[in-house]
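Asker: Sequence first, predicted coordinates after that:
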Amino acid sequence: SHARMLNDVNGWFPDNMPVSHVDFSTNGITQDPASFHARGFRYAVEGAKEFVDLPGEWAASTDDGYVYYWPNATPIEDQVIVVPTMYRVFEIKGSSKSNLVKHVIVENMIISTSDYPRMGLSSKQTAEQPSKNSDHGNCEMEYMRHALVFVENAENIIIRHNKLLNAGVMGVILNNYAKHNIIYGNWIEGVNYVGVYLTAYCIQYGPFDYDNRFNEVVNNYIVDFGMLHDNGSAVQLYQSGCNEIAHNEILGRDGGRRYAISQKGHVWILGEAACHATPGCTEFMIRTHNNSFYFNDIADVMSTTRDVGAWESWNSGYEHGIINNCFHDMVEGADSHDPRRHCIYLDGVSHYTISRNVYYNIVNSVTWSAKSFSAQMEVNDTKAVTDKAAAEAAYKDHSHIDWEGIGLLTDFIWDTPQGRGDKPPLDFSIRYGDGDGLQAEFYNNLSLSGQPALVRYDSLINIIFGRSSVQLWHMDENGQMVDGIGIDSMSVRWTGKIVPLFSEEYTFYVVCHDGARLWIDNQQIIDNWRDGKREVHGTISLEAGKAYDLKMEYFKGPGGREKGVALRWQSASQHYRLVPQSQLYRPETSVASLPQGNVRPTAPFSTVQLNGRLHVLVHEKMPWSLRIMTPNGRIVHGSNGIAETSVSIPLSQYGTGIYLIRFTNGATAMRKKVAVF
């Protein structure tokens with residue numbers, strides 16, 4: 001038989017190479033041509049029936065055309081044997097960037113078993129030369145961009161509460177043009193490469209457009225990733241920015257487990273000379289910036305490759321936040337003597353905020369620290385404790401570590417090893433405003449004095465200032481650069497209005513280097529007018545749909561190649577994130593003209609699905625009614641005149657399937673779909 005072996009001395013870019021000889025007495029394998037030579041690392045062999053010696057293994061023999069399979073149980077006739085026939089099960093794809101597909105929801109499904117390219121999993125290399133890691137750097141080739149759910153040229157796609165199992169390449173991919181999409185509440189297991197991949201165009205081919213951004217990967221359980229490709233991860237980003245990766249539970253377990261979360265820019269562009277030699281390229285085209293990673297629970301990774309991190313980044317852009325995550329139960333790796341094993345590994349990057357992360361049961365060969373970074377660090381433990389109880393005790397006095405918020409949200413459908421956090425689920429019914437940003441006045445001094453050198457409108461407060469040997473530059477989240485402003489002594493004032501989405505106490509965070517001040521509703525809530533990088537915050541109670549005056553001031557002092565500033569917010573019902581353009585309005589916008597109806601008021605009901613029961617909470621005390629229906633409209637349960645403010649419904653009594661639940665409270669009604677498994 002013609003066997004092939006998937007291998008790599010590091011586990012980074014494995015090749016699927018022919019096997020010329022096998023010595024079963026020594027378990028020795030000879031490749032022709034030879035690829036790498038190493039002991040102690042993982043190898044996968046396929047295509048030869050001689051290796052089929054354990055239940056569940058199989059081989060497609062090229063000698064006689066048969067598939068040889070060792071059954072998990074006998075008789076074999078009692079088993080369901082599934083053969084993958086496609087690389088993509090769902091393809092949600094617009095025909096172009098000007099003809100997008102929008103507002104599609106994929107929910108409450110089991111999506112399983114896709115194929116992988118016969119060429120093998122030679123990631124980030126060309127199919128013609130799989131053994132050469134050439135100038136393609138961190139960019140996946142097209143033949144690797146397959147997933148159980150493939151999304152491209154798309155906006156406002158929601159993939160939620162599905163089980164995504166046995167993926168040949170990836171579980172979900174948001175490919176090239178993909179904005180404002182949500183991957184939420186999914187169980188993703190058994191993935192040969194990456195669980196969720198957010199990836200844009202290969203930078204050496206273009207286009208250089210900033211089209212992969214503003215996506216959310218929230219409340220997912222991702223386990224057994226990198227099954228055939230050790231370089232895999234649970235979540236990976238390439239040339240993708242302004243995303244939120246939050247409240248996920250990630251468990252390596254039986255996979256390759258190089259990373260839990262990885263984000264990369266483009267290693268091929270290491271300097272200005274290489275970039276300037278490429279038509280259409282500038283050094284500012286590293287689009288992996290302003291991503292937020294928070295409340296993720298990460299365990300049991302980094303076991304099969306060297307030079308690794310549980311959270312890793314390589315040559316990415318600026319201003320990322322790694323905040324309030326938990327790293328625990330890391331095991332000894334294949335090469336425990338390699339010093340490059342970190343919980344947080346920032347390789348060749350800078351301008352990160354690393355704050356409020358916690359650690360326990362970390363083996364001696366893994367450190368919490370990072371390499372090659374310039375970052376704001378606070379309340380991170382440097383001596384990880386031994387178990388979860390000790391970690392809870394160690395962090396109980398840190399008031400801004402939200403221990404209970406780490407991990408999954410309360411509406412995750414299934415039980416997992418770590419259980420659920422106590423944070424409320426995302427509200428998909430919230431409608432946003434139509435703001436167009438704030439007015440920005442730039443001054444060539446530190447004191448905001450005299451006439452501004454530049455007046456423009458910024459969609460977000462999210463900007464970096466810097467210098468290179470070629471030019472001075474000031475870049476916002478769209479990659480727009482502005483000349484004519486002093487690089488070492490400048491200040492800026494943003495003014496306008498802000499409209500909150502919830503009637504709650506909001507915490508505003510300013511990540512800045514250097515000084516910043518913030519006023520909301522003419523009340524100063526942040527006063528940090530001094531040099532140095534830090535994250536500062538202030539709180540204020542706001543009313544949903546009401547326009548409040550906003551003023552923020554910032555100065556950048558002399559020194560430093562790159563400095564920047566960003567404004568984020570958070571409330572009980574809203575994740576930590578950049579304040580979006582949709583809720584920011586120019587100063588001249590009339591309060592009367594604001595779209596008050598676009599901000600959804602507090603719903604009279606809220607629901608949580610937990611342990612086979614649906615828990616209904618009623619926020620307005622008056623009689624209400626309940627109907628539970630099948631998708632074809634058949635009513636399986638009905639109750640009228642319910643006076644209780646909370647009800648628990650045993651969904652399991654209705655059997656598996658999809659149900660529509662309708663709540664009615666006077667003239668107010670709410671519908672909710674639920675899945676019973």
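Answerer: On my side now, so go ahead.

Asker: What segments of the stretch 51-200 of the chain are helices?
Answerer: Here the stretch 51-200 of the chain has no helices by DSSP state H, counting those that start in this stretch.

Asker: show me where pLDDT drops low in the stretch 151-300 of the chain?
Answerer: Applying pLDDT under 70 to the stretch 151-300 of the chain flags the ranges 203-206, 255-256, 266-286.

Asker: hmm, try it at 50
Answerer: Low-confidence segments of the stretch 151-300 of the chain, defined by pLDDT under 50: 267-274.

Asker: now the chain
Answerer: Using pLDDT under 50, the chain drops low at 1, 120-123, 125-135, 267-274, 371-379, 467-480, 596-602.

Asker: ok, longest helix in it?
Answerer: helix 388-395 (DSSP state H).

Asker: Just the buried residues of it, please?
Answerer: 388, 391, 394-395 (16 or more other CB atoms under 10 Å). The way it works is simple: take the backbone N, C-alpha and C, and place the C-beta from them, glycine included.

Asker: residues in contact with that helix?
Answerer: Here helix 388-395 makes contact (CB atoms under 8 Å, 6 or more residues apart in numbering) with 326, 328, 358-361, 381, 384-385, 401, 403.

Asker: Over to stretch 642-658?
Answerer: Against stretch 642-658 from outside (CB under 8 Å, 6+ apart): 108, 609, 612-618, 621, 623-626, 628, 630-631, 636-637, 659, 661, 673-677.

Asker: Now with 7 Å, please.
Answerer: With CB atoms under 7 Å, 6 or more residues apart in numbering as the test, stretch 642-658 has contacts from 108, 612-618, 621, 623-626, 628, 631, 636, 673-677.

Asker: which ones among those residues are found in strands?
Answerer: 613-618, 624-626, 628, 636, 673-676 (DSSP state E).

Asker: Any quick PyMOL command for the buried ones out of those?
Answerer: This is how PyMOL selects the buried members of those, with burial counted by 16+ other CB under 10 Å:
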select buried, resi 614+616+618+624+626+628+674+675+676
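
Asker: List the beta-bridge partners for the residue most central in space within the chain.
Answerer: The centroid of the chain falls nearest to Ile245 when counting by CA atoms, centre = their mean (3.1 Å). Using DSSP bridges, the bridge partners assigned to Ile245 are Val217, Phe293.

Asker: Leaving out the residues flanking it, which one is nearest to Gly638?
Answerer: Excluding the flanking residues, the one nearest Gly638 by CB to CB, 6 or more residues apart in numbering is Arg627, at 5.2 Å.

Asker: my bad, should have said Asp53
Answerer: Nearest non-adjacent residue to Asp53, counting by CB to CB, 6+ apart: Trp70, 7.1 Å away.

Asker: and the gap between the one you found and Leu54?
Answerer: 6 Å (CB to CB, to the nearest Å).

Asker: Those two: who's more crowded?
Answerer: Trp70 (14 against 8; other CB atoms under 10 Å).

Asker: check contacts around the more buried one.
Answerer: Contacts of Trp70 by CB under 7 Å, 6+ apart are 52, 54-57.

Asker: repeat that for 8 Å
Answerer: 52-58.

Asker: With Gly252 instead?
Answerer: Here Gly252 is in contact with 223-226, 260, 299-303 (criterion: CB under 8 Å, 6+ apart).

Asker: For Ser648, see how far away the residue nearest to Asp53 is.
Answerer: Taken as CB to CB, the span from Trp70 to Ser648 is 46 Å.

Asker: Check Asn528 too.
Answerer: Asn528 is 47 Å from Ser648, where distance means CB to CB.

Asker: out of the two, which sits in the busier spot?
Answerer: The neighbour comparison of Asn528 against Ser648 (other CB under 10 Å) goes to Asn528, with 18 against 12.

Asker: what are the bridge partners for the more buried one, then?
Answerer: The partner residues for Asn528, given DSSP bridges, come to Ala516.

Asker: So it is in contact with His513, correct?
Answerer: No: applying CB atoms under 8 Å as the test, Asn528 and His513 come out as separate, 10.8 Å apart.

Asker: Where do the strands of the stretch 451-600 of the chain begin and end?
Answerer: For the stretch 451-600 of the chain, the strands defined by DSSP state E, counting those that start in this stretch cover 454-458, 462-467, 472-476, 490-498, 504-512, 515-520, 523-528, 534-542, 548-556, 562-571, 574-578, 584-585.

Asker: Of those, flag the one that's most buried.
Answerer: strand 584-585 (a mean of 26; mean count of other CB atoms under 10 Å).

Asker: Quick check: can you name the pairing partners of that strand and their directions?
Answerer: strand 490-498 (antiparallel).

Asker: quick revisit: the residue nearest to Asp53 and Pro84, how far apart?
Answerer: Distance from Trp70 to Pro84, by CB to CB: 18 Å.

Asker: for Val510, same thing?
Answerer: 49 Å.

Asker: is it true that the residue nearest to the centre of the chain touches Ile298?
Answerer: No: assessed by CB under 8 Å, Ile245 is found out of contact with Ile298, at 10.9 Å.

Asker: joint contacts of the two?
Answerer: Common contact partners of Ile245 and Ile298 (CB under 8 Å, 6+ apart): Ile261.
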